[in-house]
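Novice: Give me the fold of what follows.
(chains A, B, C and D)
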Protein chains: 2
Amino acid sequence: MKTIKDIAEEAQVSPGTVDRVLHNRGGVSKKTEEKVRQLLKKNNFKINRVARSLAMNKYLKIATLIPEYNTENIFWRAPRLGIQSAQEEVAVFGVKVTNFTFDQFRASSYVKQFNALLNANPDGVVIVPTFQKETKQLTIELEKRTIPYIFINIDLEGFNNLSFIGQDAYLSGRLAAKLMHLCLKDACDVLIVQTRSNIDINHAISKRISGFTDYLSENKIQIKCIKVDVSNLDDSKALTEEIRMVLNKNPNIKGVFVPNSRIALFADCIEKRKTRKLTLIGYDGTDPNIQCLKEDTVEFLISQKPFKQGYNSIKLMTDFLIDKKHPEAKIYSPIEILTKENILQREVNSNE
Amino acid sequence: MKTIKDIAEEAQVSPGTVDRVLHNRGGVSKKTEEKVRQLLKKNNFKINRVARSLAMNKYLKIATLIPEYNTENIFWRAPRLGIQSAQEEVAVFGVKVTNFTFDQFRASSYVKQFNALLNANPDGVVIVPTFQKETKQLTIELEKRTIPYIFINIDLEGFNNLSFIGQDAYLSGRLAAKLMHLCLKDACDVLIVQTRSNIDINHAISKRISGFTDYLSENKIQIKCIKVDVSNLDDSKALTEEIRMVLNKNPNIKGVFVPNSRIALFADCIEKRKTRKLTLIGYDGTDPNIQCLKEDTVEFLISQKPFKQGYNSIKLMTDFLIDKKHPEAKIYSPIEILTKENILQREVNSNE
DNA sequence: ATTGATTTCGTGTGCGTACACAAATCTAAA
DNA sequence: TTTAGATTTGTGTACGCACACGAAATCAAT
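Specialist: As a prediction, the model looks like this:
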């Protein structure tokens, strides 16, 4: 590999001059600049990123803002782990990642933490834009400071985000319908569970549902969808009762589709009855959900590789900040099918 | 991040001494060594890999040996791409990868290329050990020179390989059976296509088949398996004829299971008839296979993430060579289900 | 030609580590 | 105590690049 010094020698100038040309620092005469550029191209010169990051000796700061997780709702753990993993990798290039979290059900928490993030004065930002209106406001500030930002998981339209990383929710709904149909064949009912708290803040859920129903109707499948709204996910007793009533009222329900990550909750309260065998299909390979697969209470889970989403967000932002490499506008995560037979070897959250 | 100099200062010794301790170069008194080690641990010191590779200014060489690919048989393209991708990443750490390929049907080609690899004098080796006997011979030479080696894709037993990276073939066969059963329900026949050229050199194929049949019998599923041996995969006309005969003789065949990566071939010749609708399930997301999913001639493909296998092999070997980090003995690839609805967003081979 | 202002360029230092070599300290025998 | 020899420790340079500083060259105007 040629070095800056090699090029300088060949051009009969000093390394400093080559450096100036490379970085468009100016102060180089047209003639020598031209000569140097030619030699750079001729030798296919590539900057040594290692030496570069050593010499720079300053950090680029990426800040992230994603929902917090807890034992009740651990979905957001995976993206966080992905971010951490990427964080370690890019550290050698002089990139530092600072993480902020918020309560995904409280817009005020989102705003507060977003402001904390702004105070950290980052060079690039990765966010889960849970609240549309507030995001509009806050990204204005980012743009004023010309700080690039990437959306992950939620695909808001009408923003100048560098990229969106997440799943095609509609397509995943179609896939769920296909699997449901395979399990049930025609002529029965399927229950679609909506959770009110989610439906308004995260329209990915509704896209999943429309994908599901569209697939059935487009393929003229004789499965009727019955929707139910569940108010409080945290009250297990009420939940059980609510589900019991719906199932009794609709004896032809053979399958349940839960378009969010909390299917384990429903599996539990359905399991307690056992009057008929139901086929359950849901989302996301959280630990409790995986447990349901193992116990045969859930047939399929659709995963969106949340780990990878976090991981990629950091890697892409790094490439952009260091090499000015523009990512694709939309980066869709694979729609992964999890079932009893392939969960053991599924990609784990570490060491990807 | 603490540097060697920081540690040296704190221990009241020179950087050179810390360096000696870090690399077990010897020539350090017990007392100071102890002191330095404690401080290293206390500060959770991690060597700066960037500075290291700059200072080393010499390359670690990894050599790979995998089957060549062509338009007929492009399966091995994916691992190769994975290797290339990893190659670029580890280059900044001063690791150079040299690739060798062989004709997977000729042991002589394997041996010849293996020797070429040995001549390159690598520090670490990644191989697809297609031929057991020859591998036994050649790894002896590797061990004599204490060169570590990793197997990918084929899991030979009784070797001192650092690690195996690949799929649990048996489990994937079980998954294929489950999907087949979902598609067909009970009481029909399934055709299992064996290709003679593969069956002896690659026993992953037979593990897939036993996984398939075991699942059916364990779950008392009324599906009968009919096996057929196909002699020449490259003669399309003969193939079509052979398949036609088997299907005519067994009118109850409703599904076809192809336990290798060439299902597109069968889909083509089956498609030409169209007397009855067959459910096809096969392996690996090669371009022709993906095309079959799109055209609805194949229902499911099971993928083993071959790209990732190649990628990981290089990354793991690098970690071992640089940091002496021992990988797991077996690293199983995820068993991925591909179907029409999720192929668009599946993980592509680039930029992982 | 001289001065001063500008433009253009070269030099030097530091980033964190590896390693060769020099220096200091210690050990044991004369 | 001296001294050779071994052991232990310190110092200096290089790796390729970024960037500050200042030197040299060029140019404009007197």
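
Novice: low pLDDT regions in chain A?
Specialist: Applying pLDDT under 70 to chain A picks out residues A:196-202, A:271-276, A:323, A:345-352.

Novice: Close to DNA strand D: what parts of it are there?
Specialist: Counting by Cβ under 7 Å from any atom of the strand, the positions of chain A adjacent to DNA strand D are A:1, A:3-5, A:15-16, A:19, A:22-23, A:47-48, A:51-52, A:54-56. Placement of C-beta: from N, CA and C, glycine included.

Novice: What segments of the stretch 201-350 of chain A are strands?
Specialist: Listed in chain order, the strands of the stretch 201-350 of chain A (DSSP state E, counting those that start in this stretch) span A:223-230, A:253-257, A:279-283, A:300-303, A:330-332, A:336-338.

Novice: Then the stretch 51-200 of chain A?
Specialist: For the stretch 51-200 of chain A, the strands defined by DSSP E, counting those that start in this stretch cover A:60-67, A:95-102, A:124-127, A:149-152, A:163-166, A:188-195.

Novice: Now mean neighbour count and distance to DNA strand C too, for those, in TSV please.
Specialist: Putting those into TSV (neighbours: other Cβ atoms under 10 Å in any protein chain shown; distance: least, Cβ to the nearest atom of the strand, whole Å) gives the following:
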stretch	mean neighbour count	distance to DNA strand C
strand A:60-67	23	15
strand A:95-102	19	13
strand A:124-127	28	22
strand A:149-152	24	29
strand A:163-166	22	31
strand A:188-195	20	50
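
Novice: between those strands, which gets nearest to A:Gln38?
Specialist: Closest approach to A:Gln38 among the strands of the stretch 51-200 of chain A is made by strand A:60-67 (31.2 Å; Cβ to Cβ).

Novice: what's the nearest residue to A:Thr195 if we skip its chain neighbours?
Specialist: A:Val230 (5.3 Å; Cβ to Cβ, 6 or more residues apart in numbering or on different chains).

Novice: ok, that neighbour - contacts?
Specialist: A:Val193, A:Gln194, A:Thr195, A:Arg196, A:Leu239, A:Glu242, A:Ile243 (Cβ atoms under 8 Å, 6 or more residues apart in numbering or on different chains).

Novice: likewise A:Phe93?
Specialist: When contacts are counted by Cβ under 8 Å, 6+ apart, A:Phe93 touches A:Arg49, A:Ser53, A:Thr318, A:Ile322, B:Val50.

Novice: Quickly note the distance from it to A:Val111.
Specialist: 32 Å (Cβ to Cβ, to the nearest Å).

Novice: just so I know, which of the strands of the stretch 51-200 of chain A lies nearest B:Thr98?
Specialist: With Cβ to Cβ, the closest approach to B:Thr98 among these belongs to strand A:95-102: 30.1 Å.

Novice: Pull the residues that contact that closest one.
Specialist: Under Cβ under 8 Å, 6+ apart, the answer for strand A:95-102 is A:59-68, A:80, A:83, A:86-87, A:90, A:109-110, A:112-114, A:116-117, A:120, A:122, A:130, A:314, A:318, A:321-322.

Novice: switch the cut-off to 7 Å
Specialist: A:59-68, A:83, A:87, A:109-110, A:113, A:116-117, A:120, A:122, A:314, A:318 (Cβ atoms under 7 Å, 6 or more residues apart in numbering or on different chains).

Novice: which stretches of the stretch 1-150 of chain A form helices?
Specialist: For the stretch 1-150 of chain A, applying DSSP state H, counting those that start in this stretch gives helices covering A:4-11, A:15-22, A:30-42, A:49-56, A:77-90, A:107-119, A:132-144.

Novice: hey, which of those helices is tucked in deepest?
Specialist: Comparing the helices of the stretch 1-150 of chain A by mean neighbour count (mean count of other Cβ atoms under 10 Å in any protein chain shown), helix A:77-90 ranks first with a mean of 20.

Novice: For that helix, output the C-alpha coordinates as CSV.
Specialist: In CSV, the C-alpha atoms belonging to helix A:77-90 read as follows (Å, rounded to 0.1, in the frame of the first residue of the first chain):
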residue,chain,number,x,y,z
ARG,A,77,-33.3,-4.8,25.1
ALA,A,78,-32.2,-6.3,21.7
PRO,A,79,-31.6,-3.1,19.9
ARG,A,80,-29.8,-1.8,22.8
LEU,A,81,-27.5,-4.8,22.8
GLY,A,82,-26.9,-4.4,19.1
ILE,A,83,-26.0,-0.8,19.7
GLN,A,84,-23.5,-1.8,22.4
SER,A,85,-21.9,-4.4,20.1
ALA,A,86,-21.4,-1.9,17.3
GLN,A,87,-20.2,0.6,19.8
GLU,A,88,-17.3,-1.7,20.7
GLU,A,89,-16.4,-2.2,17.1
VAL,A,90,-16.4,1.4,16.1
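
Novice: For stretch A:270-289, measure first residue to last.
Specialist: 14 Å (Cα to Cα, to the nearest Å).

Novice: what about it, distance to the chain center?
Specialist: 25 Å (Cα atoms, centre = their mean, to the nearest Å).

Novice: cool, and stretch A:94-110?
Specialist: Distance of stretch A:94-110 from the chain centroid (Cα atoms, centre = their mean) equals 14 Å.

Novice: The stretch 51-200 of chain A against chain B: which residues are in contact?
Specialist: A:Ala51, A:Ser53, A:Leu54, A:Val92, A:Asp168, A:Leu171, A:Arg174, A:Leu175, A:Lys178, A:Leu182, A:Cys183 (Cβ under 7 Å from any Cβ of the partner chain).

Novice: from those, which is closest to DNA strand C?
Specialist: The shortest approach to DNA strand C among these belongs to A:Leu54, at 3.9 Å (Cβ to the nearest atom of the strand).

Novice: for whichever residue of the stretch 201-350 of chain A sits closest to DNA strand D, what are its contacts?
Specialist: For the stretch 201-350 of chain A and DNA strand D, the shortest gap (Cβ to the nearest atom of the strand) falls at A:Ile322, measuring 9.9 Å. Listed by Cβ under 7 Å, 6+ apart, the contact set of A:Ile322 reads A:Phe93.

Novice: if I look at the residue of the stretch 151-300 of chain A found nearest chain B, how far off is A:Leu182?
Specialist: With Cβ to the nearest Cβ, the shortest gap between the stretch 151-300 of chain A and chain B falls at A:Leu175, namely 3.8 Å. Distance of A:Leu175 to A:Leu182, given as Cβ to Cβ: 11 Å.
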